[in-house]
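Novice: The following comprises the amino acid sequence and a computationally predicted model.
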Amino acid sequence: RANAEVYRYTSTFRLDTPGLPQVRHFLTGLAEMKHEGFVQHTYDGLDHERKTRSVVGEARGEYWNSLFLSGSVRHDDSDVFRDFTTWRAAASLKVPGTPVRLHAASGTGVKMPALFEQYGRVPNFYTPNPNLRPETALGWDAGIELTMLGGRMVVDATWFDTTLKDQILSVNGGASVINAAGMSIREGLELSGKIMPLPGLTIGGSYTWLDARLPSGASEIRRPENSARADISYAFDRERAKIGLGAAYNGRMLDTALRTSDPFIFPLIPERVTLKDYWVVSATASYKLTPALEVYGRAENMLDQRYQEVYGFQTSGLAIYGGVRMTLQDKSAVGGAAK
């Protein structure tokens, strides 16, 4: 049994610049408390828990609708692991007199191991590792965006690069987890575009090439080298009605299978396999009956594809959902809404 409780408070202040209406600054602060618990009565029966207290500060600046800068710092105080301080900086520049926008960002991050990875156990299949360390990362990205046809078409190309230290990896076909020795690298290229050929009609697409490698140089499992997405949406009846169709492509991926000639003989032997590529098509529709009341529906995996994201585990087939969404407007807050 696992549980998590998160308490968070955030507040943003806007700092006006007298005499410079096209210059704005924003300061944001966040305080967070996270409490996690895990107990497995069929194993040690102990209540494993940890608390993390976090504070975040962010500063953003907007200058003449051309230059946008931001920077943030986060400090995590854990009662189990050592403390971490991470940061992120980003910049975006619309080059005056051109359709070009340059953008770049860099930062660090940390990922705590899951409590199940440390203390969960599945007899004959999974052994926990209580000595896991948090995974840390340093990454950056940079790209160029072009706006054409009077703003009706936007294309973007971005290169990204991330280095992971102490990456948490499954070993022996998922029989346990360890911290990888050395640095893991994930780098690649993202291409995206969007066009509005007619009023209310938007067509978009994206493609990602990814090279994800372990410290040994081997490719990571469950990380497709090629992935893509295409979307088309249409809004009509004064934008009260919206319909959309999307298709996501996931390229071939490596994975690890556990095999044995006798299902009653353990341990199972891990073997590298290749998962097939697949397309998943989805559709959405919504209609606003009133400004505050909207009905909606969506269909996922419309072609009822049978595919695997993890070897041996089938994903859900065709699924249809629908509902009603109500928006309550707080007239005392300018431009504010609560759902």
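Specialist: Everything's here; your move.
Novice: Under a three-state scheme, what state does the closest residue to residue 118 other than its chain neighbours occupy?
Specialist: Of all residues not flanking residue 118 in the chain, residue 130 sits nearest, at 4.9 Å (C-beta to C-beta, 6 or more residues apart in numbering). For every residue, glycine as well, the C-beta is placed using N, CA and C. For residue 130, the secondary structure call by DSSP: H, G, I helix; E, B strand; the rest coil comes out as coil.
Novice: my read: residue 130 touches residue 117, true?
Specialist: No - contact criterion C-beta atoms under 8 Å: residue 130 and residue 117 do not qualify, at 9.3 Å.
Novice: Residue 118 looks like it's in a helix, true?
Specialist: Yes - with three-state DSSP as the criterion, residue 118 is located in a helix.
Novice: In this structure it contacts residue 126, no?
Specialist: No - Residue 118 is not in contact with residue 126 according to C-beta under 8 Å; the separation is 11.7 Å.
Novice: So in that sheet, which strands flank the helix or strand harbouring residue 160, and in what orientation?
Specialist: Applying DSSP states H and E as the criterion places residue 160 in strand 153-165. Partner strands and pairing direction for strand 153-165 (DSSP bridges) are strand 135-148 (antiparallel), strand 183-198 (antiparallel).
Novice: Can you dump the C-alpha atoms of the longest one in PDB for me?
Specialist: Once non-C-alpha atoms are left out, strand 183-198 reads as follows in PDB (Å, rounded to 0.1, in the frame of the first residue of the first chain):
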ATOM      1  CA  MET A 183      26.900   9.300 -17.100                       C
ATOM      2  CA  SER A 184      23.800   8.500 -19.200                       C
ATOM      3  CA  ILE A 185      23.100  10.800 -22.200                       C
ATOM      4  CA  ARG A 186      19.800  11.700 -23.900                       C
ATOM      5  CA  GLU A 187      20.000  14.000 -26.900                       C
ATOM      6  CA  GLY A 188      18.000  14.700 -29.900                       C
ATOM      7  CA  LEU A 189      16.000  17.000 -32.200                       C
ATOM      8  CA  GLU A 190      12.400  18.100 -32.000                       C
ATOM      9  CA  LEU A 191      10.600  19.600 -35.100                       C
ATOM     10  CA  SER A 192       7.100  21.000 -34.800                       C
ATOM     11  CA  GLY A 193       4.800  23.100 -36.800                       C
ATOM     12  CA  LYS A 194       1.300  24.600 -36.800                       C
ATOM     13  CA  ILE A 195      -0.800  26.300 -39.500                       C
ATOM     14  CA  MET A 196      -4.300  27.800 -39.600                       C
ATOM     15  CA  PRO A 197      -5.300  27.600 -43.300                       C
ATOM     16  CA  LEU A 198      -8.900  28.700 -42.600                       C
END
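Novice: what's it in contact with?
Specialist: Applying C-beta atoms under 8 Å, 6 or more residues apart in numbering, the external contacts of strand 183-198 come out as 143, 149, 152-165, 167, 202-215, 220, 223.
Novice: Now do the buried residues in it.
Specialist: Along strand 183-198, these residues count as buried under the neighbour rule (16 or more other C-beta atoms under 10 Å): 184, 186, 187, 188, 190, 192, 193, 195, 196.
Novice: Repeat that for the shortest one.
Specialist: Across strand 135-148, burial judged by 16+ other C-beta under 10 Å covers 135, 136, 137, 139, 141, 143, 145, 147.
Novice: those helices in this structure, which residues are they?
Specialist: In the chain, the segments counted as helices under DSSP state H are 115-119.
Novice: before we move on, the earlier item: the strand holding residue 160: how far from the chain's middle?
Specialist: Taking C-alpha atoms, centre = their mean, to the nearest Å, one finds the center of strand 153-165 at 14 Å from the center of the full chain.
Novice: Same check on stretch 140-148?
Specialist: Computed by C-alpha atoms, centre = their mean, the chain-centroid distance of stretch 140-148 equals 20 Å.
Novice: what sits up against it?
Specialist: In contact with stretch 140-148 (C-beta under 8 Å, 6+ apart) are residues 99-107, 153-162, 190.
Novice: Next: stretch 91-103.
Specialist: By C-beta under 8 Å, 6+ apart, the surrounding residues in contact with stretch 91-103 are 65-70, 90, 104-105, 142-148, 158.
Novice: measure it end to end?
Specialist: End-to-end distance for stretch 91-103: 6 Å, by C-alpha to C-alpha, to the nearest Å.
Novice: remind me which residues of the chain are low pLDDT?
Specialist: Within the chain, the segments meeting pLDDT under 70 span 259-268, 329-339.
Novice: any idea how far residue 146 is from residue 99?
Specialist: With the distance defined as C-beta to C-beta, to the nearest Å, residue 146 ends up 5 Å from residue 99.
Novice: swap in residue 125?
Specialist: Distance, residue 125 to residue 99, by C-beta to C-beta: 55 Å.
Novice: just residue 323 next, same as before
Specialist: According to C-beta to C-beta, residue 323 and residue 99 sit 40 Å apart.
Novice: which of these two has more neighbours?
Specialist: Comparing residue 323 with residue 99 by other C-beta atoms under 10 Å, the one with more neighbours is residue 99, at 15 against 10.
Novice: Leaving out sequence neighbours, find the closest residue to the more buried one.
Specialist: Distance criterion C-beta to C-beta, 6+ apart; nearest residue to residue 99, sequence neighbours excluded, is residue 147 at 4.8 Å.
Novice: Brilliant, that's me finished.
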